[in-house]
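Q: Sequence and predicted structure, then a few things I'm wondering about:
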Amino acid sequence: MKKAFIYLHIAIFLAGFTGILGLLIKLNEGLLVWYRLLITAVTMWILFGITKKIQRIAFKDTGKLFGVGFLAALHWVTFFGSIKYANASVALVCFSSVGFFTALLEPVLYKTNIKLIDLLLGLLVIAGISIIFHFDTRYKTGILLGVISAVLLAFVMIIIRQFVQRINAETILTWQMTGGVITLSVFMPFYMNLFPSQYVFPDLTDWLWLLALSWLCSVLAFQLSVAALKNLSAFTVNLSYNLEPVYGIFLAFVFFNENKELGSSFYIGLGLILFSLILQMWRIQQKRTV
């Protein structure tokens, strides 16, 4: 059990490094995501193919996972765009709004009742983001991209739930990454026309950061999470992942001194968001123990 918790928090810590690497890689957000998805997809096909963890799935499911992959790719493009236009801390604060959009969109898509408490807790997060948005105008574009990123991820998380009961995680993620890189490849010429960049091919340093992003923050983090699930409940794992933005912001403070760039409005907004996350974790834990 102790080893499982260690695996889980290493995975979350690695996921928190995503924002840091987004700042270190000089490619624009579209190219960054394309290279990251390509490396990750190829690695997963080799790794999970050798270990025979990829299941045969119906063509219909493949098509749906390609669609989910495209939404996930757009999520990452807007997430890294948020980092480029603002900073890692602001992007990760916006990332925290995923729970609100999930609580809002899931009942609409599956025609169930909206849970008022989830909506209220989510509104606390939105209030925190709004405070930062209105009082620190430097980051408006980054915040807008970050919120769009959170909406896209909410859609991904809602849609992916229909697969998890009948298809293993390795198969889902491999096809999702593959769908992401293929569909993004189709749209990249249009993207590069809208957002031209002279820096198209990574240099050696960028290749090293891209490999770290793909192998450590994606493949290894996923493997550690799966290993943790063998001894921990999905509830515990999902609840613990609420710490990902907290880890990421802490790392941004340590490596880039972003705390010196941020005004009081950021900390007020962050305080509301952390308060919401604590209440959510406490509420779920209480419900779990009843």
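A: Thanks, I have it. Residues are numbered from 1 along each chain as shown.
Q: ok, Ser276 - contacts?
A: Neighbouring residues of Ser276 by Cβ atoms under 8 Å, 6 or more residues apart in numbering: Ser96, Leu121, Gly122, Leu124, Val125, Gly128. No exception for glycine: its C-beta is placed from N, CA and C like everyone else's.
Q: Mind putting the residues you listed into CSV with pLDDT?
A: Formatted as CSV, the contacts of Ser276 follow (pLDDT from 0 to 100):
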residue, pLDDT
Ser96, 80
Leu121, 75
Gly122, 75
Leu124, 80
Val125, 79
Gly128, 80
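Q: List just the nearest of these to Phe195.
A: Distance to Phe195 across the contacts of Ser276 (Cβ to Cβ) is lowest for Ser96, with 26.5 Å.
Q: Now that closest one, what are its backbone angles?
A: With angles defined as degrees, to the nearest 10, Ser96 shows backbone torsions of phi -70, psi -20.
Q: now swap in Leu27 and tell me
A: Phi and psi for Leu27, reported as degrees, to the nearest 10, are phi -60, psi 150.
Q: wouldn't it be in contact with Trp207 here?
A: No. Applying Cβ atoms under 8 Å as the test, Leu27 and Trp207 come out as separate, 10.4 Å apart.
Q: quick one: secondary structure of Ile143?
A: The three-state label given to Ile143 by DSSP: H, G, I helix; E, B strand; the rest coil is helix.
Q: Next, count neighbours for it.
A: 25 (other Cβ atoms under 10 Å).
Q: ditto for the one 4 residues further on
A: Residues within reach of Val147, counting by other Cβ under 10 Å, total 20.
Q: Give the next helix or strand downstream of the one helix or strand it maps to.
A: Per DSSP states H and E: Val147 is located in helix 140-160. Sequence-wise, the next helix or strand downstream of helix 140-160 (DSSP H and E) is helix 169-194.
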